[in-house]
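Novice: Sequence first, then the predicted structure, then my questions.
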Amino acid sequence: MGEAAAAVMETEEEVGKRRWWKLSTVAVVAWVLASAALWAGLHWRFRRTALHKAEEALVCMCEERARMLQDQFAVSVNHVHALAILVATFHYDKHPPALDQDTFAVYAARTSFERPLLSGVAYAQRVVHADRESFERQQGWIIKTMKHEPSPVQDEYAPVIYSQETISYIEGLDVMSGEEDRENILRARATGKAVLTRPFRLMSNHLGVVLTFPVYLVDLPNDTTVEDRVAATAGYLGGAFDVESLVENLLRQLAGNQELVVNVYDVTNHSNPLVMYGSEVPLGSPSPSHTSKLEFGDPFRKHNMTCRYRNKLLVPWSAITTPSGVFVICMLVGYILYAAWSRYDNVKEDCRKMEALKKRAEAADVAKSQFLATVSHEIRTPMNGVLGMLDMLLDTELKSTQRDYAQTAQVCGKALISLINEVLDRAKIEAGKLDLESVPFDLRSILDDVISLFSAKSREKGIELAVYVSERVPEILLGDPGRFRQIITNLVGNSIKFTERGHIFVQVHLADHSNLATEAKIEPVVNGMNGHKDDATAMPSNVSHNTLSGFEAADSRNNWENFKLLLSYEKNEMPYESDSDKVTLVVSVEDTGIGIPLHAQGRVFTPFMQADSSTSRNYGGTGIGLSISKCLVEIMGGQINFVSRPLVGSTFTFTAVLRRCDKNAISDSKTVLFHPLPSSFKGLSALLVDKRPVRATVTKYHLQRLGIASEVVGTIEPTFGVLSGRNGSSITSMGKKEPCMLLIESDSWGPKMDFSLHAKLQEMKQNDRIHVSPKVFLLSAAESDKIKSIYAVDSVIPKPLKASALAACLFQALGITQPSNEKRDDTGSLHGRDGSGSLHGLLLGKNILVVDDNKVNLRVAAGTLKKYGAKVECVESGKDALSLLQVPHKFDLCLMDIQMPEMDGFEATRQIRAMEVKANGQVDNGNDPGSESMARTAKWHLPILAMTADVIQATHEECTKCGMDGYVSKPFEEKQLFQAVQKFLGPSMSS
């Protein structure tokens, strides 16, 4: 089924990809076509706009040229008109005429600059046929035609009598002999205006026209009739206009002449226009043109000027660049949209895959949790039997060899359980399911427990193991004591493992007070060696250092000067500057061991990594402790760092954020983690002989915890002066009535000192310099019995120091009786007078039901509980437990396994709680008054604790969800069992 589902998913994925590819291809093609259409539209629009502007420019230029041509032609016509007036005035109004050919020729030549467009002017007189002979006799020549032949007989003639020198060859010719000239003359005298002929070739081979202007004998009004005008006509003044020159001169004067082609047409006959200027055949490709109307004054003749561009109009760059730019932008926008669409589709696909992977990961996480739970249960279940049976075996009579074997097996089993716990802790951290408790606890008691755990090993190696907690650290804190102890245990355990001489020193200070002196320790050192660049410079020296043991520490800033600075903060009672109830602690664990090699310092906190991973390594371990410690510190809101120097040592420093807790606010159910020290030593004083100030401060710290005031001297010589009061600091002068104690460090005890010391003290007592000889205590890490037999001292205080061991030794040596309410049992809890505070007192006479399908576990649990006086009944299944727990029942507590056949512990607990709810409902309603025991019972609720070999957080949550009151891990220890059952079987519950 899984393979089929995967195949279906793959097929759907392929279909979806193909569909997306088709849609994207269609969209891309459509977008490109739309962009191309937009480019074409913009190109056409820009090109059309450019063409329109070119046409407008053409119209302007053509109109301008037509207007100027008309103006210049009008000027020339005006000059011809003026010449006609001249002829009329001086030829006809004067008798005899004042004008002759020579005069006319000279005048016309001298005024020719006023008529640059006229190739010549001439005057033809009107002669009727009757006057022909007299006219010819008067002129001395006969009238000839335009072909230089004698003029035939006709009604009237128009022979040229005056002419400009340039055209003197036409003198005597009858201009009316030409058909076109005759029509021109007739129209001119009939209208009284200048008229033009058709274009023709002039002598200069240029195209031109002849202008004819009538000359009248008298001035005529504008409304004169044609007959009157004909009758008044005296002659005709004509001139030949060079139209080509006129236009050429005009175009030469104007800008843009090279761009345009100008044609001038006579369009009197629309069907056959005559070219007056320009080429009849268009040049090049057709281009926009414009025709302007020309008014030369002749109402009969129609003239036009046609203008067009010489060259084909080029496509403007803007018509290419702008649409191309828009096209590129469209392509970019399309690419962006396509990329965004593809990205969205990819992201959607990635999300789908991530969702599938998430489900697979969640399923894998569930499987992993179930696997860890199963493995944990399957390993812990037989280990519970092994350790439980070993514990029961050790309670029997055994030979020394047998006891040694059993104890060795027990130690190995506990080491295996510890390793399992570490691996499971790492798994819970990776799964994010590790939660911290928040309960009140005594930090100093926890550190004492850690010291006790490693005291034997430290004495065996001959190294100093000490702890110091600042006075400013609150006595009771809120946090997770188990995890805090785990961090300290891991760090101290590593230090014990890798240290063969010197010391291991644990310090706890407030973060605000340690900033000045120890802030540098919290910051990681770049090269890991406080400035030493290689192993050679990190070699230890033989010089004695002012540390706990005299050996050099890895962090050179962790010295006596900084330690004194911290102590000064405590004595000055500097306030803890904080607006909240949070307390930030700085904890450092300093050792003088082998240090960490430089190449391994970068992977110290990597899980399952060790500095020396070879098969020939000297030190064991899994390499997981520091990794777990780092994770726990970060969960506590702190950081962990280290400074290490090869062959010198290491200093690990971490911070932890905890909360303040008022001792008076602690509820009875939480007092198990608070262990007050005996108060019998308050008011006593002691004198301490120690040449090492750091070690002396640690000893004073433990004495101060017991209420003993102390003073320190460096050697034995000043001791007698202090005792006698000669130094002004006598203990007896302080008003102390209790016996004084003299505590001497073993390395301050010289040869034959026991004899001289006792003799001196005896002498001082006889001389009344002291009232009572102080008890002499020797502080030594060696076995106390051997030391006591060698040295003449009252008692030997074993090291490493812890307050409870020190109090026990002082009780015995000073002969002080310890009150019974201050005695401690094996669990570390205070005995009450009735024994209710101990595990034996809690379980004595209690009826306890144990439910487990494993017979070995049943025997172990029953044996452990019976050892403390409990009445135990065992069953092997959840169904059997239900039959025994029918209300009413006799049991005070039930320990139930989780994983059982037929009915597991969860389901059994749910049914038990359902029965209790039903029974409580009947009591409330009074439906079962016959049961006096139920009537006396306010509510039925049997405390049920899960006996689980499974330490996964999900299992603990399931325990709470199904109605269980707590759990104890298998194999359970005495202290763990005490803490679990105290809240249910303590005095408050019994009452």
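Specialist: Yep, that arrived.

Novice: you'd agree Lys799 is up against Leu779?
Specialist: Yes - using CB atoms under 8 Å, Lys799 makes contact with Leu779 at a distance of 5.9 Å. Every C-beta, even on glycine, is put in place using the N, C-alpha and C of the backbone.

Novice: so what sits against both of the two?
Specialist: Listed contacts common to Lys799 and Leu779 are nil; contacts here mean CB atoms under 8 Å, 6 or more residues apart in numbering.

Novice: looking at this structure, which helix or strand does the model trust least?
Specialist: Least confident element among the helices and strands of the chain, by mean pLDDT, DSSP states H and E: helix 932-936 (a mean of 45).

Novice: so what's Arg187 up against?
Specialist: Val195, Phe300.

Novice: Spell out which helix or strand contains it, please.
Specialist: Arg187 belongs to helix 179-191 when assigned by DSSP states H and E.

Novice: quick one: that helix to chain centroid distance?
Specialist: 102 Å (CA atoms, centre = their mean, to the nearest Å).

Novice: same thing with stretch 812-819?
Specialist: 66 Å.

Novice: okay, that stretch in PDB with CA atoms only?
Specialist: Listed next in PDB are the C-alpha coordinates belonging to stretch 812-819 (Å, rounded to 0.1, in the frame of the first residue of the first chain):
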ATOM      1  CA  GLN A 812      32.100  13.700  68.800                       C
ATOM      2  CA  ALA A 813      35.300  15.600  69.700                       C
ATOM      3  CA  LEU A 814      33.700  18.400  71.800                       C
ATOM      4  CA  GLY A 815      31.300  16.000  73.600                       C
ATOM      5  CA  ILE A 816      28.200  17.900  72.600                       C
ATOM      6  CA  THR A 817      25.000  15.900  72.500                       C
ATOM      7  CA  GLN A 818      23.100  16.400  69.200                       C
ATOM      8  CA  PRO A 819      19.400  17.000  69.700                       C
END
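
Novice: Any figure for the gap between Pro323 and Pro299?
Specialist: Using CB to CB, to the nearest Å, Pro323 is found at 52 Å from Pro299.

Novice: Can you pull the domain assignment for the chain?
Specialist: As assigned by the TED database, the chain contains the domains 71-308, 369-431, 446-518+545-570+580-609+623-660, 685-727+734-814, 847-922+938-983.

Novice: in the stretch 251-400 of the chain, which spans are helices?
Specialist: For the stretch 251-400 of the chain, the helices defined by DSSP state H, counting those that start in this stretch occupy 318-394, 400-430.

Novice: From the contact counts, what lies against the longest one?
Specialist: Meaning helix 318-394. For helix 318-394, the packing partners by 3 or more CB pairs under 8 Å, 6 or more residues apart in numbering; DSSP states H and E come out as helix 2-87, helix 400-430, helix 855-867, helix 953-962.

Novice: any idea which of the ones you listed is most buried?
Specialist: Ranked by average neighbour count under the criterion mean count of other CB atoms under 10 Å, the helices and strands packed on helix 318-394 are headed by helix 855-867 at a mean of 19.

Novice: So Gly238: helix, strand or coil?
Specialist: strand (DSSP: H, G, I helix; E, B strand; the rest coil).

Novice: which ones are touching it?
Specialist: Gly238 sits in contact with Val121, Ala122, Tyr123, Ala124, Val175, Val210, Leu211, Thr212, Phe213, where contact means CB under 8 Å, 6+ apart.

Novice: Tabulate those in a markdown table, adding columns for pLDDT.
Specialist: Putting these into a markdown table (pLDDT from 0 to 100) gives the following:
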| residue | pLDDT |
| --- | --- |
| Val121 | 90 |
| Ala122 | 91 |
| Tyr123 | 92 |
| Ala124 | 92 |
| Val175 | 88 |
| Val210 | 88 |
| Leu211 | 88 |
| Thr212 | 90 |
| Phe213 | 88 |
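
Novice: Now, those residues that are in strands?
Specialist: When the contacts of Gly238 are checked against strands (DSSP state E), the matches are Val121, Ala122, Tyr123, Ala124, Val210, Leu211, Thr212, Phe213.

Novice: if I pick the closest residue in space to Leu294 that isn't next to it in sequence, what's in contact with it?
Specialist: In this structure, Leu294 finds its nearest non-sequential neighbour in His303, 3.9 Å apart by CB to CB, 6 or more residues apart in numbering. When contacts are counted by CB under 8 Å, 6+ apart, His303 touches Val264, Tyr265, Asp266, Val267, Met276, Lys293, Leu294, Glu295, Phe296.

Novice: Would you check that the fifth one makes contact with Leu202?
Specialist: No - here Met276 does not reach Leu202: they are 11.8 Å apart, not a contact under CB under 8 Å.

Novice: Please say which of these two ends up with more neighbours.
Specialist: Met276 (26 against 19; other CB atoms under 10 Å).

Novice: contacting residues for that one?
Specialist: Met276 neighbours (CB under 8 Å, 6+ apart): Pro199, Leu207, Val209, Val243, Glu244, Val264, Tyr265, Asp266, His303.

Novice: May I see the buried residues of the helix or strand the fifth one falls within?
Specialist: Assigned by DSSP H and E, Glu244 belongs to helix 243-253. Of the residues in helix 243-253, those with enough neighbours to count as buried (16 or more other CB atoms under 10 Å) are Val243, Glu244, Ser245, Leu246, Val247, Leu250, Leu251.

Novice: Distance from the chain centre to stretch 413-428, please.
Specialist: For stretch 413-428, the distance to the chain centre is 37 Å (CA atoms, centre = their mean).
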